[in-house]
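Student: how does the following fold in three dimensions:
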Amino acid sequence: MTPARSAWLKFFATRLFVASIDAAIIAFAYIVAFILRFDFQEPSWGWGKVALSFVTVLAVYLFSLFVSGCYRLSWRRISVSELPRYILAMVLGCAILTIMRYLLPDISLSHIRPPYSVILISFVLSTVGIVSVRCLWRVYWMASQKEVELLERDEKTFDNSIAARYVAGRTVLVTGAGGSIGSEIVRQICAAGAARVLMVERCESALYEIDREMRSLSHAAELVPLMIDINDSTRMERLFKKEKPSLVLHAAAYKHVPMVELNPEEGWRNNTEATRLIAELSLANGVERFVLISTDKAVNPVSVMGKTKLAAEKAIMALDGATSFCAVRFGNVFGSSGSVVPLFRSQIAKKEPLTVTHPDMRRYFMTIQEAVSLVLQAASRTEKAIYTLDMGESVLILTLAENLIMQAGFRPYVDIPIVFTGLRPGEKLFEELDISEKSAYRTDMAKIYITKTEV
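Tutor: Numbers count the residues shown, from 1 in each chain. The predicted structure follows:
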């Protein structure tokens with residue numbers, strides 16, 4: 001059975017359950033209405049005909065709720081804007097019953113023509129009950145629903161004391177400081193006690209945001225926002241000579257595989273040549289440690305982006321001197337601008353179909369905080385190495401899409417479809433991030449491995 005068919009079967013089953021709850025509410029309201037109307041006495045035509053009349057009332061109200069589209073709405077996402085639909089559906093049912101009472105005056109038809117007062121009382125009670133149950137479920141769901149484990153694991157925390165001691169008091173240069181990774185690096189090195197943080201970013205708005213955010217926080221670091229293109233050799237050389245950073249964290253890069261695939265020359269210039277330039281300037285200006293933020297796509301690359309990052313790794317590893325060079329490979333960063341998560345969330349917000357390239361596609365994911373924490377630990381080490389981070393088990397992108405839909409309170413395939421678009425140029429079904437003994441050495445830091453592959 002396909003996931004879509006399974007989802008629809010589940011949807012129909014839950015709708016039957018919802019209708020049964022509505023039936024119970026309407027039944028309770030109808031009984032209470034008769035008790036109130038007849039002062040707790042049995043009506044002259046008997047409880048048997050009251051029961052028969054309830055069948056008519058129930059059918060009318062369920063029909064009204066159905067044709068009004070109420071049974072397509074999700075309880076856990078009920079909002080103020082949806083409440084009028086339920087009220088109007090009940091008003092429709094009440095109107096139908098009132099018309100039936102008026103057009104069928106014969107008392108022998110009492111089993112299909114309840115009294116006006118009973119119609120009105122049961123309408124009020126039923127409406128309040130049906131709306132209240134949905135609102136209460138919404139409140140309960142919001143209070144008790146734990147966030148869907150999108151990564152299918154708990155977020156890891158690490159002992160960063162060694163990294164903090166290394167960063168403390170230093171002048172640190174961060175490239176791509178306004179990006180997802182770069183901005184988190186800035187946050188964590190400021191928290192670790194860096195003395196001076198050189199934030200290099202060519203996007204004005206991104207640089208403004210991280211600068212504004214950090215200035216609103218309490219920390220001792222001196223912030224220097226620098227709107228510079230890392231490919232500008234003249235300005236970058238002036239910067240290194242003036243500031244003499246002791247640690248360089250190079251996060252600036254093009255990361256969208258399809259875009260780099262379509263613009264290979266620019267990808268090479270920004271990802272490879274700019275890395276070579278900054279690494280050579282680091283060597284020439286006495287930088288103690290240079291860290292390249294790399295990617296799992298550099299392992300046996302098939303995309304242009306992966307090849308540019310592998311070439312960047314080779315470029316820094318070919319340099320010799322006082323500067324200690326390293327690269328850190330990891331997979332997708334959850335929620336970063338380069339990951340699929342923002343795309344999915346944007347599509348969910350618009351209630352558009354989620355676009356998944358292939359039902360079997362898997363990717364490794366880490367949170368931004370996890371990845372940067374490990375990057376700073378790697379920065380505090382001394383080896384000239386290509387590090388690979390242990391990212392746990394890979395995640396099925398289809399499952400991630402389904403979980404994101406459910407986290408937003410919708411039903412996969414019912415409220416929001418999932419469509420498969422096919423692999424794009426340069427994409428793999430599985431990324432090759434191997435930390436087994438044949439491919440990597442374990443370090444004394446949890447989750448950090450030294451890659452055996454020669455570059």
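
Student: what residues of the strand or helix carrying Val124 count as buried?
Tutor: Here Val124 is covered by helix 116-144, with elements defined by DSSP states H and E. Neighbour-count burial for helix 116-144 flags 118-119, 121-123, 125-127, 129-131, 133-134, 138 (criterion: 16 or more other Cβ atoms under 10 Å). Every C-beta, even on glycine, is put in place using the N, C-alpha and C of the backbone.

Student: could you dump those into a markdown table and include pLDDT and distance to Glu204?
Tutor: As requested, these are exported to a markdown table (pLDDT from 0 to 100; distance: Cβ to Cβ, whole Å):
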| residue | pLDDT | distance to Glu204 |
| --- | --- | --- |
| Val118 | 87 | 69 |
| Ile119 | 89 | 66 |
| Ile121 | 92 | 65 |
| Ser122 | 91 | 63 |
| Phe123 | 93 | 60 |
| Leu125 | 94 | 60 |
| Ser126 | 94 | 58 |
| Thr127 | 94 | 54 |
| Gly129 | 93 | 56 |
| Ile130 | 93 | 53 |
| Val131 | 92 | 49 |
| Val133 | 91 | 51 |
| Arg134 | 89 | 47 |
| Arg138 | 80 | 42 |
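
Student: with distance to Phe38 as added columns, please give the residues you listed in JSON lines.
Tutor: Below are the buried residues of helix 116-144 laid out as JSON lines (distance: Cβ to Cβ, whole Å):
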{"residue": "Val118", "distance to Phe38": "9"}
{"residue": "Ile119", "distance to Phe38": "14"}
{"residue": "Ile121", "distance to Phe38": "11"}
{"residue": "Ser122", "distance to Phe38": "13"}
{"residue": "Phe123", "distance to Phe38": "17"}
{"residue": "Leu125", "distance to Phe38": "16"}
{"residue": "Ser126", "distance to Phe38": "18"}
{"residue": "Thr127", "distance to Phe38": "22"}
{"residue": "Gly129", "distance to Phe38": "21"}
{"residue": "Ile130", "distance to Phe38": "24"}
{"residue": "Val131", "distance to Phe38": "27"}
{"residue": "Val133", "distance to Phe38": "27"}
{"residue": "Arg134", "distance to Phe38": "30"}
{"residue": "Arg138", "distance to Phe38": "36"}
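
Student: thinking again about what came up before, are there helices or strands packed against the helix holding Val124, and which ones?
Tutor: helix 3-37, helix 46-67, helix 83-103 (3 or more Cβ pairs under 8 Å, 6 or more residues apart in numbering; DSSP states H and E).

Student: closest one to Ser294 among the ones you listed?
Tutor: The closest of the helices and strands packed on helix 116-144 to Ser294 is helix 3-37. By Cβ to Cβ, the value is 34.7 Å.

Student: ok, the residue lying closest to Pro264 once chain neighbours are set aside - contacts?
Tutor: For Pro264, ignoring the flanking residues on the chain, the nearest one in space by Cβ to Cβ, 6 or more residues apart in numbering is Val304 at 4.6 Å. Shown in contact with Val304 (Cβ atoms under 8 Å, 6 or more residues apart in numbering): Val257, Val260, Glu261, Pro264, Gly267, Trp268, Gly426.
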